[in-house]
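Engineer: here you go, sequence then predicted model.
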Amino acid sequence: MARRGGGGHPVRRGSLLTRVVGAVFAFVLLAEFEILFFLFFFIAFLIFKDLLESFVGIRKSQNSTLGFGISLLI
């Protein structure tokens, strides 16, 4: 008699590391626009901050806090 599907050995999906890497790549592909959007504004902020320091003359001691509670680590 022919054997029907459903029984037998389970399909091996790969190691845990392979599944984790695949999940990370799937997330990056899904959130690519949001990641690039955030990076654009973060890099623009860093450039604008440096321009203000050099042209307006903001001292490093004044620039340790942005005024709305975020301390710069740079």
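Structural biologist: Now that the structure is in, tell me what you want to look at.
Engineer: could you pull up phi and psi at Gly14?
Structural biologist: In terms of degrees, to the nearest 10, the main-chain angles of Gly14 are phi 110, psi 170.
Engineer: what about it, how many residues nearby?
Structural biologist: Counted with other C-beta atoms under 10 Å, the neighbours of Gly14 add up to 10. For glycine as for every other residue, the C-beta is placed from the backbone atoms N, C-alpha and C.
Engineer: now it: how far from Phe27?
Structural biologist: Using C-beta to C-beta, to the nearest Å, Gly14 is found at 17 Å from Phe27.
Engineer: same check on Val20?
Structural biologist: Taking C-beta to C-beta, one finds Val20 at 11 Å from Phe27.
Engineer: ok, Phe41 next?
Structural biologist: Distance from Phe41 to Phe27, counting by C-beta to C-beta: 20 Å.
Engineer: what mean pLDDT does the longest helix seen in the chain have?
Structural biologist: Criterion DSSP state H: the longest helix present in the chain is helix 32-55. The average pLDDT within helix 32-55 is 87.
Engineer: same check on stretch 17-27?
Structural biologist: Mean pLDDT, computed over stretch 17-27, is 93.
Engineer: kindly format the C-alpha coordinates of that stretch as CSV.
Structural biologist: What follows is stretch 17-27, C-alpha atoms only, in CSV (Å, rounded to 0.1, in the frame of the first residue of the first chain):
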residue,chain,number,x,y,z
LEU,A,17,22.0,30.1,13.4
THR,A,18,20.7,29.7,9.9
ARG,A,19,17.1,30.5,11.0
VAL,A,20,18.2,33.5,13.0
VAL,A,21,20.3,35.0,10.2
GLY,A,22,17.4,34.4,7.8
ALA,A,23,15.0,36.2,10.2
VAL,A,24,17.3,39.1,10.6
PHE,A,25,17.7,39.5,6.8
ALA,A,26,13.9,39.3,6.4
PHE,A,27,13.4,42.0,9.0
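Engineer: what are the contacting residues of that stretch?
Structural biologist: When contacts are defined by C-beta atoms under 8 Å, 6 or more residues apart in numbering, stretch 17-27 is touched by residues 13-14.
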